[in-house]
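>>> Have a look at this prediction, sequence included:
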Amino acid sequence: MHESHYNLVMKVDTDAFLLFNSLSGSADLVDSAVVKVLRGQLINDRVEKYLISRGYLTSKTIIEEKSDMKRFFTEVCQTLFKNKEYGFVITYKCNLACPYCFEASVKEGIVGKRTTVIDDRRIEKAFEVIDFFDDLGDNKKISIKLYGGEPLMPENRRAVEYIIKNAITRDRKIAVITNGIYLNEYIDYLAKYKDRIDFVQVSLDGPKNEHDKRRVSISGNGTFDRIIHNIELVLLKGIKTSIRILVDSENEHTIPELIKFLKYHNWPNQDKLSCFFASTSAPNSNTLHNYSKVAIWKKICQYYEKGLLNEIFSEPIVYPFKDLFINKVWSPRFFACNAHTGLMIFDPYGMIYPCWKAVGQSELSIGRFYPSFKLNKASKRWKSRSVFMLKKCAGCEFSAICGGGCAYSAYVKHGTILEGSCEEMEVIKNVYLPFAYQRYLKKS
Ligand code: SF4
Ligand code: SF4
């Protein structure tokens, strides 16, 4: 018996180690004595038996284990590729001018401002693509996202209603990713179909004084009061609402004040409301991201630890740790995100994109859906990017946790998506894992 090729031992406390095996799906919290038995430095029959039963010790050769893993990978792919997720960029036009917007250059376009709104014909063609994959038996549960630019501008109404109508006919749900400015104009319409609305997502950049410095209208005015009013309208109609709080080094200190505001409005007791944090550090955003993601996420975790954030705030634990700590199931991460499995985003110009941050950059398009559906060579690159085909990642001990990192970040940094991007793994190692350990394992 010897150590499995797929073991990973991570120190999480003075004498506590997380032991994973990506092939068997086992995960255990062990002490240094168990690690010594694993490594053949100590003999203990009972522990050895346990380690064999969990797949940490094996009689298989590396070649046999690798071929088991390949088989497992193929099975996982079959399910993941069926989990299609669709989005529509209704228009690239937006009514705000946030300084960090990662779509700023896309909105300007190469030959003038891109203000086109997706038309009926393109919407119909996009749904033909959706029908095509549905007929192949793909998963219909994931909601169709309305995205932009800003999807809910008054001039987009016809497109928004036509997409929702098409989605409902196909028994699909809709989610709306909006800046919230015109939610009041759409609220009665959305309420009419409230059972078909998965959620409405609105972003805040902190309490009023901070938010109004950054989330500004094109004429430079603050938007906080209007957005808050509109979120209240959505909640009053009983529509599930998700607030995305954008954080970076310039506003992280204002989180407690925002929480105070939310509590004052009794939002934490709204069962239709949830909040989560996101950073403004899109690899292609304009400003505000010259800081370490590790530092920001450490700060956010401290707010959790101080008990400042209650259950309406999703915890900053990423897949697969959420499964591991909450559901006690460990599954390896072969891909960083669903840009490599089932995500397709349709834009007003007939192009298909694989990733939310890549929309509008035609060199990253994976094909067209109008005038007819055709995937291009880049599609193969996006859909086959896994830890097995990235040179840097193939031998990395963290590969089954990391999945190769964000392809879009790799593109911005290296000019190709076929490179590993270690940034998120740094956050996982230095922030998420210690946080999850303290929260779920140490106390249990
Ligand atoms: S992106 Fe970096 S950390 Fe992630 S698997 Fe590849 S080499 Fe490892
Ligand atoms: S490639 Fe990166 S930016 Fe694009 S959807 Fe995936 S994680 Fe997000």
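Right, received. Where do you want to start? Ligands and ions are numbered 1, 2, ... in the order given.
>>> what's the closest non-adjacent residue to the spatially most central residue of the chain?
The residue lying closest to the centre of the chain (Cα atoms, centre = their mean) is residue 337, at 6.9 Å. Leaving aside its sequence neighbours, residue 337 sits nearest to residue 406 (Cβ to Cβ, 6 or more residues apart in numbering; 7.0 Å). Any C-beta I mention is one placed from the backbone N, CA and C, and that applies to glycine too.
>>> Wait, the residue nearest to the centre of the chain touches residue 408, no?
No - if you go by Cβ atoms under 8 Å, residue 337 and residue 408 don't touch, sitting 9.1 Å apart.
>>> what is in contact with those two at once?
Common neighbours of residue 337 and residue 408, counting by Cβ atoms under 8 Å, 6 or more residues apart in numbering, are residue 355.
>>> still on that earlier bit, quick one: contacts for the residue nearest to the centre of the chain?
Shown in contact with residue 337 (Cβ under 8 Å, 6+ apart): 343, 355, 403, 406-407.
>>> Get me the contact residues on the protein for ligand 1.
The chain comes close to ligand 1 at residues 387, 392-393, 396, 398-399, 402, 404-405, 420-422, 425, as judged by Cβ under 6 Å from any ligand atom.
>>> which stretches of the stretch 151-300 of the chain form strands?
Taking DSSP state E, counting those that start in this stretch, the strands of the stretch 151-300 of the chain run over residues 174-178, 197-204, 241-247, 273-279.
>>> do you know which of these lies nearest residue 157?
Evaluated over the strands of the stretch 151-300 of the chain, closeness to residue 157 peaks at strand 174-178, with 12.9 Å, by Cβ to Cβ.
>>> helices or strands next to that closest one in the packing?
strand 144-147, helix 157-169, strand 197-204 (3 or more Cβ pairs under 8 Å, 6 or more residues apart in numbering; DSSP states H and E).
>>> Dump those to CSV, plus distance to ligand 2 and mean neighbour count.
Below are those laid out as CSV (distance: least, Cβ to the nearest ligand atom, whole Å; neighbours: other Cβ atoms under 10 Å):
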stretch, distance to ligand 2, mean neighbour count
strand 144-147, 12, 23
helix 157-169, 21, 17
strand 197-204, 15, 22
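>>> Could you save these as JSON lines and add columns showing mean pLDDT?
Output for these, formatted as JSON lines (pLDDT from 0 to 100):
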{"stretch": "strand 144-147", "mean pLDDT": "98"}
{"stretch": "helix 157-169", "mean pLDDT": "97"}
{"stretch": "strand 197-204", "mean pLDDT": "97"}
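>>> In the protein, where's the longest helix?
Secondary structure of the chain per DSSP state H: the longest helix is helix 62-80.
>>> And that helix, what's buried?
Buried positions in helix 62-80, judged by neighbour count with 16 or more other Cβ atoms under 10 Å: 65, 69, 72, 76-77.
>>> Pick out whichever of these sits closest to residue 238.
The closest of those, once distances to residue 238 are taken by Cβ to Cβ, is residue 76, at 37.1 Å.
>>> The closest one: what's it in contact with?
Going by Cβ under 8 Å, 6+ apart, residue 76 touches 331, 334.
>>> Now do it against ligand 1, distance only.
Using Cβ to the nearest ligand atom, to the nearest Å, we find residue 76 at a distance of 17 Å from ligand 1.
>>> What segments of the stretch 1-150 of the chain are helices?
For the stretch 1-150 of the chain, the helices defined by DSSP state H, counting those that start in this stretch occupy 32-38, 45-53, 62-80, 104-108, 120-135.
>>> can you confirm residue 339 is in a helix?
Yes - read with DSSP: H, G, I helix; E, B strand; the rest coil, residue 339 is one of the residues of a helix.
>>> Could you list the low-pLDDT ranges of the stretch 251-400 of the chain?
281-291, 310-312, 315-320, 322-323, 325-329 (pLDDT under 70).
>>> try it again with 90
252, 259-260, 262-271, 274-334, 342, 384, 388, 394-400 (pLDDT under 90).
>>> returning to what we had before: please indicate which of the residues of the chain next to ligand 1 has the highest neighbour count?
residue 404 (31 neighbours; other Cβ atoms under 10 Å).
>>> Specify the local secondary structure of that residue.
Following three-state DSSP, the label given to residue 404 is coil.
>>> Go ahead and confirm it touches residue 420.
Yes - taking contacts as Cβ under 8 Å, residue 404 lies within contact range of residue 420: 5.3 Å.
>>> any residues in contact with both of these two?
Residues within reach of residue 404 and of residue 420 at once, by Cβ under 8 Å, 6+ apart, are 390, 393.
>>> who's in contact with residue 30?
Residue 30 touches 16-17, 19, counting by Cβ under 8 Å, 6+ apart.
>>> no, scratch that, I was asking about residue 257
206-207, 210.
>>> Which of those fall within helices?
Per DSSP H, the contacts of residue 257 map to helices at residue 210.
>>> could the contacts of residue 257 go into CSV alongside neighbour count, distance to residue 1 and pLDDT?
Shown next, in CSV, are the contacts of residue 257 (neighbours: other Cβ atoms under 10 Å; distance: Cβ to Cβ, whole Å; pLDDT from 0 to 100):
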residue, neighbour count, distance to residue 1, pLDDT
206, 24, 55, 94
207, 19, 58, 96
210, 19, 58, 95
